[in-house]
Structures are given as structure tokens and as C-alpha cells.
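Participant: Sequence first, predicted coordinates after that:
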Amino acid sequence: MNGALILAEDVTEQRQLEEQLVQSAKLASIGELAAGVAHEINNPINGIINYAQVLLNEAHSQSSSTPSTDRETRFLEGILREGNRVANIVHDLLTFARVETEEHSPAMVPDILRDALALTDRRLQKDGIQLRIEIAPNLPPVRCRSQRIQQVFLNLIFNARDALNTRYPPTAGGWTPDEKQLSIRVEQVERDGAPYIRTTFHDRGIGIPKEHLPRLFTPFFTTKRPGEGTGLGLSVSYGIIRDHGGEIEVESVVDSHTILRVDLPVDVEHT
């Protein structure tokens with residue numbers, strides 16, 4: 001073909017940026033909606049919980065036990081249980097929509113991880129989960145809100161626990177400690193020439209289907225059974241890490257493993 005000039009432009013990066021902007025706009029809109037809905041639900045659900053608790057206390061204080069009072073007690077316990085579940089969902093919605101005003105401060109990621117593990121270690125041991133921790137020496141600090149990063153770590157640890165318990169039920173047996181294992185590693189890496197602290201959570205649990213991975217950080221999306229999760233834990237975690245200038249990435253193979261990497265930029269002013 002003579003005299004023809006073909007020009008090609010790689011727009012992959014531009015399209016990825018556009019998709020990220022669209023996703024950020026969606027998350028912002030969902031956050032505003034979530035805050036409004038949560039505030040509208042919060043007061044009445046607290047009233048329901050309080051009234052149910054008062055009636056339940058009265059039922060328990062009755063000296064005689066009859067089939068009718070036992071039945072009422074079961075109903076009240078059910079109302080209280082489901083009311084608390086709604087309250088937990090509201091709490092997650094408010095957390096998802098919260099605008100932070102607290103200033104970031106220098107912190108050591110290994111210290112944040114240790115605080116998170118102090119809250120989860122007994123549960124992991126009870127479930128027979130083998131915990132393996134690797135922390136590289138001489139790590140520099142990051143600049144963050146420590147409690148928010150701890151919240152992310154707790155979400156990821158509990159998700160790993162659920163995945164491991166699904167694949168290796170605590171009461172079933174037939175597995176070795178090396179199989180039911182959660183490995184966590186903290187190290188320094190580079191992203192685009194800049195230093196980051198990477199915390200990797202590697203579990204050998206049930207895994208996540210490939211088709212679910214693109215939606216994993218979408219609000220209200222969950223792979224758990226109904227009633228077992230709000231679908232906000234990972235989306236909240238994603239928002240927290242991005243708010244800190246970091247990245248969170250996932251790879252997974254069904255019935256093999258899940259790896260989540262949390263990268264936070266190093267606080268270069270305090271290194």
C-alpha cells in the first residue's frame with residue numbers, strides 16, 4: 001500500500017486513568033448516599049435495640065417460666081440479635097463515608113501490625129491457624145493515621161481467617177498446621193522509583209474466583225454467605241489506603257491461596 005501513513009497511539013494508560021476517575025466518582029457518590037442512609041437508620045435502630053433489651057430484662061426477671069414467656073424471650077432475643085446486626089451495618093456505612101480530619105503522623109508499620117495481631121491472636125490460635133510473621137530489619141516509618149491502618153490490617157486478617165476456616169473447618173480436622181497458615185511479611189519496596197512499606201497477607205484458604213476479583217473492592221460486594229458480611233470491609237480498606245497515598249492489590253487462586261499487598265509511602269522527612 002503506497003503513500004499511506006498509519007499513526008497509532010497507545011491509550012491504555014489514559015483509559016486506565018479514566019476508569020480510576022470514574023471509580024473514584026462512584027465511590028464518592030456512594031459514600032454520600034451511605035452517610036445519609038446510615039444517619040436515618042441509626043436513631044430508630046438504636047431505639048429498637050434499647051426497647052428490646054428492656055423487655056428482655058423484664059422477661060428474665062420474672063420468677064416463673066412458662067411456655068409463653070419462653071417464646072417471648074426467644075422472640076426478643078431474635079429482635080435484639082438482628083437489631084445489633086443492622087447497627088453493625090450502619091457502623092460500617094458511617095466508617096465508609098467518614099471524612100477524616102485527623103493529621104497524619106510518623107508511625108512504624110510493624111508496630112501497627114503487632115497491635116492488630118494482639119487483638120486477633122487468640123482467635124487465630126483457637127481456630128488452629130498457624131501464624132507466620134516476617135519483618136525486614138531497619139524499616140523506615142510511614143506517615144499515616146495508625147488506627148485507620150490498624151483497621152485495614154484487622155479487616156484483612158479476619159478475611160484470611162474466614163477463608164482458612166472455610167477451607168479447613170476447625171471441627172473437621174484432617175489438615176496440618178502448615179496447610180492452615182496465614183503468612184504476613186513487612187518489607188520495603190519501590191514503586192515508580194519511590195520507597196514504600198509493603199505488608200503482604202498470604203493465606204492458604206478457599207481463594208476467590210477470578211471473575212470476582214475486579215469487584216472485590218466495590219462497596220457491598222461480598223463472597224460470603226448472606227448474613228456473614230456487609231460487603232464494606234474491603235471497600236473501606238481500599239479507601240483508607242488510597243487516602244494515604246498507597247495501593248492495595250490482590251491475587252488469588254480458588255482452593256489454593258489469596259495474597260493481598262498493602263503499600264504505604266515511606267515518610268521521607270523522618271528517614
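Facilitator: Yep, that arrived.
Participant: List the residues that contact the closest residue in space to E247 that isn't next to it in sequence.
Facilitator: Take E247 and drop its neighbours on the chain: the residue closest to it by Cβ to Cβ, 6 or more residues apart in numbering is D263, 4.6 Å away. Bear in mind the C-beta positions are built from the backbone N, C-alpha and C, glycine included. Neighbouring residues of D263 by Cβ atoms under 8 Å, 6 or more residues apart in numbering: V189, R191, Y196, I197, R198, I241, G246, E247, I248, E249.
Participant: beta partners of D263?
Facilitator: R198, E247 (DSSP bridges).
Participant: Weed out the non-buried ones from the contacts of D263.
Facilitator: Buried members of these, scored by 16 or more other Cβ atoms under 10 Å, are Y196, I197, R198, I241, G246, E247, I248.
Participant: Buried residues in whatever helix or strand V186 lives in, which are they?
Facilitator: Element membership of V186 [criterion: DSSP states H and E] is strand 181-191. If you call a residue buried by 16+ other Cβ under 10 Å, then strand 181-191 has these buried ones: Q181, L182, S183, I184, V186.
Participant: cool, and stretch 138-147?
Facilitator: Buried-residue list, stretch 138-147, by 16+ other Cβ under 10 Å: L139, P141, V142, R143, C144, R145, S146.
Participant: now do the same end-to-end measure for that stretch.
Facilitator: End-to-end distance for stretch 138-147, by Cα to Cα, to the nearest Å: 22 Å.
Participant: circling back: elements contacting the strand holding V186?
Facilitator: Counting contacts by 3 or more Cβ pairs under 8 Å, 6 or more residues apart in numbering; DSSP states H and E, strand 181-191 is packed against helix 109-126, strand 130-135, helix 146-167, strand 194-203.
Participant: Just the angle for that strand relative to strand 130-135, thanks.
Facilitator: With axes from the mean of the first three to the mean of the last three Cα atoms, to 10 degrees applied, the angle from strand 181-191 to strand 130-135 works out at 20 degrees.
Participant: Now do strand 181-191 and helix 109-126, the angle between them.
Facilitator: Using the same axes, to 10 degrees: strand 181-191 against helix 109-126 is 160 degrees.
Participant: Low-confidence stretches in the stretch 101-250 of the chain?
Facilitator: Judged by pLDDT under 70, the stretch 101-250 of the chain has its weakly predicted residues at 101-102, 220-232.
Participant: let's see 80
Facilitator: Along the stretch 101-250 of the chain, the model assigns pLDDT under 80 to residues 101-103, 171-177, 215, 217-233.
Participant: okay, V37: pLDDT?
Facilitator: Looking at V37, its pLDDT reads 71.
Participant: Would you mind giving the secondary structure of it?
Facilitator: Recorded secondary structure, V37: helix (DSSP: H, G, I helix; E, B strand; the rest coil).
Participant: Check the gap between it and A87 for me.
Facilitator: 14 Å (Cβ to Cβ, to the nearest Å).
Participant: likewise R74?
Facilitator: R74 is 20 Å from A87, by Cβ to Cβ.
Participant: Look at those two and report which has more neighbours.
Facilitator: When neighbours are counted by other Cβ atoms under 10 Å, R74 and A87 differ, and A87 comes out ahead with 16 against 11.
Participant: my read: the more buried one touches I49, true?
Facilitator: Yes: taking contacts as Cβ atoms under 8 Å, A87 lies within contact range of I49: 6.4 Å.
Participant: Would you mind giving the buried ones among the contacts of D263 as a markdown table with distance to S105 added?
Facilitator: Shown next, in a markdown table, are these (distance: Cβ to Cβ, whole Å):
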| residue | distance to S105 |
| --- | --- |
| Y196 | 18 |
| I197 | 15 |
| R198 | 20 |
| I241 | 17 |
| G246 | 16 |
| E247 | 21 |
| I248 | 21 |
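Participant: Pick the one among those residues closest to D267.
Facilitator: Proximity of these to D267 (Cβ to Cβ) peaks at I197, which lies at 9.4 Å.
Participant: R185 is in contact with that closest one, correct?
Facilitator: No: with contact defined as Cβ under 8 Å, I197 does not count as touching R185 (11.0 Å).
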